[in-house]
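Chemist: Any chance you can model this:
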Amino acid sequence: MTEQELPPAAELPEGVQADAAALVIARELGIVEQTFGNWVRSEWIDRGFAKR
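Modeler: Numbering: from 1, shown residues only. Presented below is the predicted three-dimensional model:
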């Protein structure tokens, strides 16, 4: 699977809903998209869905 080919929602690992909620909270706290994007990318790498 390449970085551009994300799995369907039904195949995503547990915790994805929590990640989505974290995105909403981050926006409400004023965390800029680039910072949050870096965190998300790091998580995707850690979970094996993207490469460094």
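Chemist: Show me what the lowest-mean-pLDDT helix or strand in the chain is packed against.
Modeler: When each helix and strand of the chain is scored by mean pLDDT, DSSP states H and E, helix 16-29 comes last, with a mean of 84. On a contact count with 3 or more Cβ pairs under 8 Å, 6 or more residues apart in numbering; DSSP states H and E, helix 16-29 meets helix 33-46. C-beta here means a position set from N, CA and C on the backbone, and glycine is covered the same way.
Chemist: Buried residues in the helix it packs on, which are they?
Modeler: 36, 40 (16 or more other Cβ atoms under 10 Å).
Chemist: Show me how far the least confident helix or strand of the chain is from its chain's centre.
Modeler: Centroid separation for helix 16-29 versus its chain: 10 Å, with Cα atoms, centre = their mean, to the nearest Å.
Chemist: pLDDT value on residue 7, please?
Modeler: Per-residue pLDDT puts residue 7 at 66.
Chemist: And for residue 40?
Modeler: For residue 40, the predicted pLDDT is 82.
Chemist: so what's it up against?
Modeler: By Cβ atoms under 8 Å, 6 or more residues apart in numbering, the contact list for residue 40 reads 19, 23.
Chemist: residue nearest the centroid of this structure?
Modeler: With distances taken as Cα atoms, centre = their mean, residue 40 lies nearest the centre of the chain, 3.8 Å away.
Chemist: Let me know the distance separating that residue from residue 18.
Modeler: 12 Å (Cβ to Cβ, to the nearest Å).
Chemist: Ok, residue 48 next?
Modeler: In this view, residue 48 and residue 18 are 18 Å apart by Cβ to Cβ.
Chemist: With residue 5 instead?
Modeler: From residue 5 to residue 18 the distance is 23 Å (Cβ to Cβ).
Chemist: Residue 46 now?
Modeler: Going from residue 46 to residue 18 by Cβ to Cβ gives 15 Å.
Chemist: Output the least confident helix or strand of the chain as CSV, restricted to C-alpha atoms.
Modeler: Extracted in CSV, the C-alpha atoms of helix 16-29 (Å, rounded to 0.1, in the frame of the first residue of the first chain):
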residue,chain,number,x,y,z
VAL,A,16,-9.2,6.2,14.1
GLN,A,17,-12.4,7.8,15.5
ALA,A,18,-10.4,9.0,18.5
ASP,A,19,-7.8,10.4,16.0
ALA,A,20,-10.6,12.3,14.2
ALA,A,21,-11.9,13.7,17.5
ALA,A,22,-8.3,14.8,18.3
LEU,A,23,-8.2,16.7,15.0
VAL,A,24,-11.4,18.6,15.9
ILE,A,25,-10.0,19.4,19.4
ALA,A,26,-6.7,20.5,17.9
ARG,A,27,-8.4,22.9,15.6
GLU,A,28,-10.5,24.3,18.5
LEU,A,29,-7.2,24.8,20.5
